Each structure stands twice: as C-alpha cells, then as structure tokens.
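# What follows is a predicted structure for the sequence shown.
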Protein chains: 2
Amino acid sequence: MTTMQTPDTTTRFPEAAILPDKHVPAIHIWRDFEATPAQLFRAHTDPEVFSRWIGPTDVGADITHWDARDGGSWSYTARGTDGREEFATSFRGCFHTVREDRLVQTFTWEGMPDGVALETMTFEDLGDGRTRLHAVSLCDSFEDRDAWLRSGMEVGVNDGYAAIDRLLTEGAL
Amino acid sequence: MTTMQTPDTTTRFPEAAILPDKHVPAIHIWRDFEATPAQLFRAHTDPEVFSRWIGPTDVGADITHWDARDGGSWSYTARGTDGREEFATSFRGCFHTVREDRLVQTFTWEGMPDGVALETMTFEDLGDGRTRLHAVSLCDSFEDRDAWLRSGMEVGVNDGYAAIDRLLTEGAL
C-alpha cells in the first residue's frame, strides 16, 4: 500500500493539499470536510450527487454510465465554455472496490485513452464531526504524474471540494 | 506510460523474462509465442481458454465471473492440493481496456483485498509468425512489488505460458 502519512496529526486541511509522493509516481490529495465518512462516500458513489460537484465550477458533468459496486464502472462527459468555444470531454473508469471506508477505481481521460491512473480514496473519521478524504492517484510514470500536476488540476479539485462543502451546508448530502 | 523497452531488438524470449522496473514499482514480463496477436488476445479474454492455462500446472481455475469489455470485470478461484491439504484461493479485477493490441485490468488477490495492481498487456507482432507479450504490473509501493517478486510468482507465470504453447500446438487457440 502507498502509505504516505499526513505530515503530522495536528495538520488540518480546510483546503486541499495536493502533493507528489516521494517514492512512487502518485499524487496525494488531503482534504477535511464537515461531514461523516458516509456523506463523503455518497458524494463519490451517488451519480446524481457526483454530477453536482465534480470538476471546475463552470463545467457541467453528464453521467453517461454509473454502476458503483465492486467490478462496476462509470463514465461522464464534462461540458463547458472555454472563452467563446463550447467543449465536451469525457472520462471513464472501473470501480474496483466500493466500500464505506475505501474506494479504488481506475481513471482515464478519453483524450489520452492509453493513460490509466489507479485511484484510492479513504474516508477517515477525525472524531470531531469532520472526515478526512485522502485520495491517491497512481500513474504509470513520473512524467505522466508531473504532467497532471502541471495541468491545472487544482482548479477542478478545489472547485469540486468547495461544491461538496456547499452541498453539505444545504443539507443535500 | 511505462515504456521500459525490450533490452535490444534482437533479444528473444522463448522463456519469460520477469524484471523489476528501474523507476516505478512495476514488474515487467516479456514472453514470445508462436502465435498471432489475436491468439494471445483470445488466451487472455476467452474465459474457457483462460481457465485452461492460468497459474501453476497442478492448480485448476474456476471462472466465477467474466465480462471482457471496457468497464467489465472478472474473477476466478484457483484450486489445488498443497501436499495433502486442498486449497482454494480467489482473484478478481476489472477490465479497464479490452482492445486487440492492449488489455488494461486491475488485479487483487482476495487474501489481501486492499492490494490492487494495475496490469497492462500489449501484443506485438514480431513479423515472423511470433508475437511478443509484454505485461506490466504496477503496484502501489516498492515493498509490495518486491514481495510479489519474492512470492514464487515465476512458477505460475512459466507454467501458464508453457500451457499456452501447448494450446497453440494443439490448435486449441
């Protein structure tokens, strides 16, 4: 297992920390939410909820396939406007493990179909009404991993997690 | 992509070469077969054929689920006798990509369910009636990768590929 730990037990992540692993070609994301593990699990496995937060604020997500169980799979198309041009781009993967405390899934952007990342998400109850999301995306080379880190991915990550905060505040989760 | 190349273009692999990647926690396997790419693809995607070669010679495989398509999944139980004790142990994963020249799938041994490897197989036509299988198993840590290398995995790999050779000779592929 990739077991890079939170730097220290008192660190809090009201904003996402997005960091490269020191040893393997993986990206770690840590983010704390005012939520239970079950609420974060639902945010990642209920397609109607997922479509309301994933990605940058001004980009919509049409779920095209969703079967959140061990051995199931998923796909969605992101739609937005880049300046004056409309765009649509798709993502897909498998759900390898779907468990209340752990999700393992594959991830591909259809624009680069041979690039596949293995994503592991855990939901850790911090015991004070908050839950820590730890997401690990394992890429198959350091070059691919570093390209993702340079891609502007933090915009979608931060916008998406802020949207989860809003869904939690609205009682929609 | 993990693009560790064959050491040189004249090297031939009548036996499997099983080597650690130098940079990422992956295992590479190269093996040449007297086969077409389509035959090797079938060996890995047809459940009836797969069950006839996978694993050590004296261990049988019962396919318990098989859906070889993008977003499908698979599982099987290996059954054998270890000295005088019968054993059964199971494996499962998703098919992320199922294409004539490329398979990408996840792999878990149910004895260690949180360990997930991402496997990529390519089938390269060598132009002389033979096809080279290149399999890459990406693990999430060097410790896990090295444990696999020390596990005796080469027995199942070599026995399995020798069984593919026999299926090819018999015309069963």
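In hand now; what should we look at?
# Strands of chain A, start to end?
Taking DSSP state E as the criterion, chain A carries its strands at A:17-20, A:26-33, A:60-66, A:72-82, A:85-99, A:102-109, A:117-125, A:131-138.
# got the residues of chain A near chain B?
Those residues of chain A that sit near chain B, judged by CB under 8 Å from any CB of the partner chain, are A:1-3, A:23-26, A:65, A:70-75, A:92-97, A:102, A:104, A:106, A:108, A:113-116, A:118, A:120, A:136, A:138, A:140-142, A:144. (Each C-beta comes from the backbone N, C-alpha and C, glycine too.)
# Go ahead and confirm A:Thr64 touches A:Arg79.
No - look at A:Thr64 against A:Arg79 with CB atoms under 8 Å: they stay out of range, at 11.4 Å.
# got any ranges where chain A has weak pLDDT?
With pLDDT under 70 as the threshold, chain A has low-confidence stretches at A:1-9.
# got the buried residues for the longest helix along it?
For chain A, the helix that runs over the most residues, judged by DSSP state H, is helix A:153-169. Within helix A:153-169, the residues that count as buried by 16 or more other CB atoms under 10 Å in any protein chain shown are A:Gly156, A:Val157, A:Asn158, A:Asp159, A:Gly160, A:Tyr161, A:Ala163, A:Ile164, A:Asp165, A:Leu167, A:Leu168.
# can you tell me which of the residues you listed lies nearest to chain B?
A:Val157 (20.3 Å; CB to the nearest CB).
# residues in contact with that closest one?
Residues in contact with A:Val157, defined by CB atoms under 8 Å, 6 or more residues apart in numbering or on different chains, are A:Ala16, A:Ile18, A:Ile29.
# Go again with 6 Å.
A:Val157 makes contacts with A:Ala16, as judged by CB atoms under 6 Å, 6 or more residues apart in numbering or on different chains.
# now do A:Glu154
Contact partners of A:Glu154, counting by CB under 6 Å, 6+ apart, are A:Ile18.
# now with 10 Å?
The neighbourhood of A:Glu154, defined by CB atoms under 10 Å, 6 or more residues apart in numbering or on different chains, consists of A:Glu15, A:Ala16, A:Ile18, A:Ile29.
# Same check on A:Gly127?
A:Gly127 is in contact with no residue at all, counting by CB under 10 Å, 6+ apart.
# first to last residue in stretch A:165-173, what's the distance?
From its first residue to its last, stretch A:165-173 covers 10 Å (CA to CA, to the nearest Å).
# sorry, back to before: which residues are common contacts for A:Thr64 and A:Arg79?
Between them, A:Thr64 and A:Arg79 have A:Ser90 as joint contacts when contacts are counted by CB under 10 Å, 6+ apart.
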